[in-house]
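Student: sequence plus the predicted model coming up.
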Amino acid sequence: MSNIDTDLLVLAIWGFIFLVFIVNLFRSIRLVPTKSAYIVERLGKYHATLDAGFHALIPFVDKVAYIHDLKEETIDVPPQECFSSDEVNVEVDGVIYISVIDPIKASYGVTNYRYAAIQLAQTTTRSVIGTLELDRTFEERDLISAKVVEVLDQAGASWGIRVHRYEIKNIAPPETVKNAMEMQVNAERERRALLAKSEGDKQSKINRSEGVKQEMINISEGEMQRRVNEAEGKAEEILAIARATADSIEKLAAVISAPGGENALRMQLGEQYLTKLGELGKASNRVIVPANIIDFEQWMTTVGLQEKPQ
């Protein structure tokens, strides 16, 4: 190999070394975003946790080993088969909401905290559903979620994470069980509809009978009030007639007891008598005369047009 080739080889090696140095120099400058944490290792050992801001590391000595996002994140729990206490196979999936609160424990306390949280959520879900009957699994979603959160919180203390909540997305029973449940729901719905209809008919009949009863009461009370009013009206009429008759008798007695009243009354009665005789004769086309027309004075005395001789 010539000297020129040797010089070129040495130059290439030094150029590569310089390039590596420059790259590591730029990589030693770190800008950490907000709500993030960088774990720095120095010579393979934990050295520091970098918060948000500008940081300069020592090239070839310091290395960013782990990068953690401190914001709350969502992790899907894949569907899994679970058996309820009545031996029904259901498929359950969910979602976990977690966040990193201790970057050091999240880096060194567990290999992969996301995978560990998913596995623990699945095993806890299976154990909780195994204690419930199928019908209760749909009603006790909050119970299952609370139990998973409790177990994950206990484990998360050593993993450097906090589990905020766990939500079950779907609980899917087998198709045969689903059809049986739908038939049961339809039967229950029809039973409630029939019950509601019967209750409505019963209430309708009660309302109609109450209406008829109230109507009869109103009619009887109206009839009673009408009769009372008629009786009171007749009583008032009789009293009015009696008062008028009494007043007329009193006035007539007063007139008769007055001087000349008796003669005036006698003349008025005689006049009415003659008028009545005339009306009767006119109606029958006859002439009515006294039986003893010769005794004119007695006839005049009879009709009251002449005083009876003493």
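Tutor: On my side now, so go ahead.
Student: residues near residue 70, how many?
Tutor: When neighbours are counted by other Cβ atoms under 10 Å, residue 70 registers 17. All C-beta atoms are positioned from the backbone trio N, CA, C, and that covers glycine.
Student: what sits closest to it if chain neighbours are left out?
Tutor: Closest residue in space to residue 70, ignoring its immediate chain neighbours: residue 35 at 4.6 Å, by Cβ to Cβ, 6 or more residues apart in numbering.
Student: pretty sure residue 54 sits in a strand.
Tutor: Yes. Residue 54: assigned to a strand according to DSSP: H, G, I helix; E, B strand; the rest coil.
Student: partner residues bridging it?
Tutor: Note on residue 54: beta-bridge partners by DSSP bridges are residue 31.
Student: now do the strands in the stretch 1-150 of the chain.
Tutor: Along the stretch 1-150 of the chain, the segments classed as strands by DSSP state E, counting those that start in this stretch run 29-32, 36-42, 45-50, 53-56, 62-69, 73-83, 89-100.
Student: give me the contacts around the fourth one.
Tutor: Okay, so that is strand 53-56. 28, 29, 30, 31, 32, 38 (Cβ atoms under 8 Å, 6 or more residues apart in numbering).
Student: what sits against the second one?
Tutor: Which is residue 29. 54, 55, 56, 57.
Student: so how far is residue 41 from it?
Tutor: 17 Å (Cβ to Cβ, to the nearest Å).
Student: now swap in residue 128 and tell me
Tutor: For residue 128 relative to residue 41 (Cβ to Cβ), the value is 40 Å.
Student: more neighbours, those two?
Tutor: Counted by other Cβ under 10 Å, residue 128 and residue 41 do not tie: residue 128 has more neighbours, with 20 against 16.
Student: JSON lines please, covering the contacts of strand 53-56 and showing pLDDT and distance to residue 279.
Tutor: Listed next are the contacts of strand 53-56 as JSON lines, based on pLDDT from 0 to 100; distance: Cβ to Cβ, whole Å:
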{"residue": "28", "pLDDT": "77", "distance to residue 279": "151"}
{"residue": "29", "pLDDT": "80", "distance to residue 279": "148"}
{"residue": "30", "pLDDT": "83", "distance to residue 279": "144"}
{"residue": "31", "pLDDT": "83", "distance to residue 279": "140"}
{"residue": "32", "pLDDT": "86", "distance to residue 279": "138"}
{"residue": "38", "pLDDT": "92", "distance to residue 279": "141"}
